[in-house]
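Engineer: Dropping a prediction and its sequence here:
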Amino acid sequence: MLFCLFLFMICSCQPHSDQKAGAESASNPPTSYEAAFASLADTAIARGFTTDYIMGHFDPAKHPDFTLVDTRYADREGLYLRKDTYEAFLRMYEAAKKDGVNLIIRSATRNFDYQKGIWEGKWTGARAIENGKDASKAYPNPKDRALKILEYSSMPGTSRHHWGTDMDLNAFTNEYFATGQGLKIYQWLTAHAAEYGFCQPYSPKGEARPYGYNEEKWHWSYLPVAQPLTALAEEKLKDEMITGFKGAEVAREIGVVEKYVLGVNSDCLPR
């Protein structure tokens, strides 16, 4: 469905023999990347993942694969992560601590209803966007308003935070990670997070990642689970499924699945 987008995003890392125009006939064998995505989607289905899971239609507090995050590692109570993701984070946390870096989880799993609260708060103006603006007044056109909110916040049903694999660490501004202790944290993460299975999905926007959310140096994703879920989203999630909240009517016009769910750092995609 959206494989051409992935080829465009990762072509710089792709062997030359695979860098062919995306107009191969259906009779040709799949490329290595097509095979990788198909295999991972099958893996996700075999593990019991569904589109309802991808879209956050569950309560993490009642889900057997989730666990409560201890407040020693978070800035507040009530945060949940997948057990496998949490165990990997704890290993990363201990390694970082030995190097003088303290990782703090600021946000973790957010199901559909939680994300709906964030989105609709910004959509209606009850929750300010950047510079204290009321988006409902500053951007009266629905598509323009959605695109502005989508710079940093997901439409309900499309957030990686639904998956229990993604977390926000230490701060919510890129500026924090540019100097001082924040820079030390970010340098440690970029050097070592991959050793524990984590990747920064929202790298700087540009030729390699033309679509999606703006850069988020605080957002890290656990790839052993997130990659199969990304592949399943590529195969099963459709724009017309993104409903049930204010502003959902522009999801198809924007192409939110292709450009936002799948518009991630190529380092976080299957290889």
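Structural biologist: Structure received.
Engineer: Contact partners for Gly157?
Structural biologist: Gly157 makes contact with Met55, Gly56, Phe112, Gln115, Met241, Ile242, Thr243, Gly244 under the criterion C-beta atoms under 8 Å, 6 or more residues apart in numbering. (Glycine included, C-beta is placed from N, CA and C.)
Engineer: now those residues as TSV including secondary structure, neighbour count and pLDDT?
Structural biologist: Output for the contacts of Gly157, formatted as TSV (DSSP: H, G, I helix; E, B strand; the rest coil; neighbours: other C-beta atoms under 10 Å; pLDDT from 0 to 100):
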residue	secondary structure	neighbour count	pLDDT
Met55	coil	23	98
Gly56	coil	26	98
Phe112	helix	19	98
Gln115	helix	22	98
Met241	helix	17	98
Ile242	coil	23	98
Thr243	coil	13	98
Gly244	coil	14	98
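Engineer: of all the residues you listed, which two lie farthest apart?
Structural biologist: The span of the contacts of Gly157, defined through C-beta to C-beta, is set by Gln115 and Met241 at 14.6 Å.
Engineer: Strands of the stretch 151-271 of the chain, start to end?
Structural biologist: Secondary structure of the stretch 151-271 of the chain (DSSP state E, counting those that start in this stretch): strands at 166-169, 198-199, 219-222.
Engineer: So for Ala178, which of those sits nearest?
Structural biologist: Nearest to Ala178 among the strands of the stretch 151-271 of the chain is strand 166-169 (15.0 Å), distances taken as C-beta to C-beta.
Engineer: Restrict that closest one to CA atoms and write it as PDB.
Structural biologist: Provided in PDB are the C-alpha atoms of strand 166-169 (Å, rounded to 0.1, in the frame of the first residue of the first chain):
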ATOM      1  CA  ASP A 166       7.200   4.300  23.200                       C
ATOM      2  CA  MET A 167       8.200   6.800  25.900                       C
ATOM      3  CA  ASP A 168       9.100  10.400  26.400                       C
ATOM      4  CA  LEU A 169      12.200  11.000  28.400                       C
END
